[in-house]
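>>> turn this into a structure:
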Amino acid sequence: MRGRQRGSQLGLLLLASQLFQVGLDNIPPVTLAVLGLNVYLYLFPAAPLMQACVSVQNAYWHKDWRRLLLSPLHHVDDWHLYFNMASFLWKGTKLEQRMGGAWFLYLLSFFSLLTGLVYLLLEAGLTSLTQDQSYSMECAVGFSGVLFALKVLSNHYHPGGVTYVMGFPVSNRFASWVELVLIHLTAPGTSLIGHLAGIVVGLLYTAGPLKTIMETCAGFVTSNRFNSRATTYYHSSGHSGTRGGYSADQRYPTDYTTDYRAPYTAGLSEEEQLDAAIRNSMNDRGHTSQRGAAPPYGFQLSEEEDAAAEEVRRRRLLRFDQPQMGRRF
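I've put the predicted structure just below:
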């Protein structure tokens, strides 16, 4: 059966078609690399499926912990690979653009290992509760558990959205649970516990301590802690995404400050504070129009404030001597 499924490779052809429709330059580098690794290990597996899948019997009883690394990256057939990677293409692109490549790679590594561990814990718990050893012998393989964790994370960032599951609109809040049940009912060969493990990992990140733990671990490795907040980055296609820290291409003038609280903490009078704030805002506008710099992110005057700024500027011009009128604030 395995050889016959590999003969057509229709799933691989559909995946390749989808990749070229999206455009390789439009796929962030980590997402593209992980997708390519899954395809490579499908064509040239690191181990046979029965030696790559993870179960309580193989991983815990026989101490074959390498299965935690192998199982997420191997797939049963080309359709299994296609559906997982097509889903990852969308989720990975969105999340990597939001988080940045470094944190997203770190997240995938953590999720892959933790999903396998949670799967083992759930299967061991079911074995203990039911006294049925078959749960400890169920061997799971594939990227689906990680995808469910990513789905929980993606839905967390869009809580008010709607996901269509088999054509029916479902609130993002419940989409992962609905998909868990529907996939189990419509595809009996899938691992319900494996998918549930992914949901648990996603919830541990969005509503539990996992994110804090990951940030702490990252802080031990590097002094520049990964930051999951969105800032811009640029790759070969010119596509804007996200990465921790500012882009090296951004240039600010020497008198530019991104902290708009600074003028208000130097013991200035109310009039001097207003003048300083207006001068900063006007300088930002002048540098933006003259140098093509990015617009400032924090301070922007309304129409009423513009009128007030002009009035203050007019009064100041009346106070200064003629040689000073050429100076721009």
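>>> what's the local residue count around Gly160?
Neighbour count of Gly160, defined by other CB atoms under 10 Å: 7. C-beta: built from backbone N, CA, C; applies to glycine.
>>> that one: what secondary structure?
When classified by DSSP: H, G, I helix; E, B strand; the rest coil, Gly160 comes out as coil.
>>> skip the chain neighbours and tell me the closest residue to it.
Using CB to CB, 6 or more residues apart in numbering and skipping residues adjacent in sequence, the residue nearest Gly160 is Asn172, 7.3 Å away.
>>> next: Val162.
Computed as CB to CB, 6+ apart, the closest residue to Val162 that is not its neighbour in sequence is Pro169, at 4.7 Å.
>>> phi and psi next, for that neighbour.
Backbone dihedrals for Pro169, given as degrees, to the nearest 10, come out at phi -70, psi 130.
>>> for the stretch 151-300 of the chain, which spans come out with low pLDDT?
Residues of the stretch 151-300 of the chain meeting the criterion pLDDT under 70: 221-300.
>>> my read is that Val118 contacts Ala197, right?
Yes: applying CB atoms under 8 Å as the test, Val118 and Ala197 come out as touching, 4.1 Å apart.
>>> show me which of those two is the more surrounded one.
When Val118 is set against Ala197 and neighbours are counted by other CB under 10 Å, the residue ahead is Ala197, at 27 against 21.
>>> give me the next element, helix or strand, following whatever helix or strand the more buried one lives in.
Following DSSP states H and E, one finds Ala197 within helix 192-206. Counting by DSSP H and E, the next helix or strand C-terminal to helix 192-206 is helix 210-221.
>>> could you list every helix and strand in contact with that following helix?
In terms of contacts (3 or more CB pairs under 8 Å, 6 or more residues apart in numbering; DSSP states H and E), helix 210-221 is packed against helix 101-130, helix 192-206.
>>> among the ones you listed, which is nearest His80?
With CB to CB as the measure, helix 192-206 is the member of the helices and strands packed on helix 210-221 nearest His80 (12.4 Å).
>>> give the buried residues for the closest one.
When burial is assessed from 16 or more other CB atoms under 10 Å, helix 192-206 yields the following buried residues: 193-205.
>>> could you do stretch 37-47 as well?
Of all the residues in stretch 37-47, those buried under the rule 16+ other CB under 10 Å are Asn38, Val39, Leu41, Tyr42.
>>> now tabulate those in JSON lines and tack on distance to Leu185.
What follows is those, written out as JSON lines (distance: CB to CB, whole Å):
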{"residue": "Asn38", "distance to Leu185": "26"}
{"residue": "Val39", "distance to Leu185": "29"}
{"residue": "Leu41", "distance to Leu185": "29"}
{"residue": "Tyr42", "distance to Leu185": "27"}
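>>> cool, thanks, talk later.
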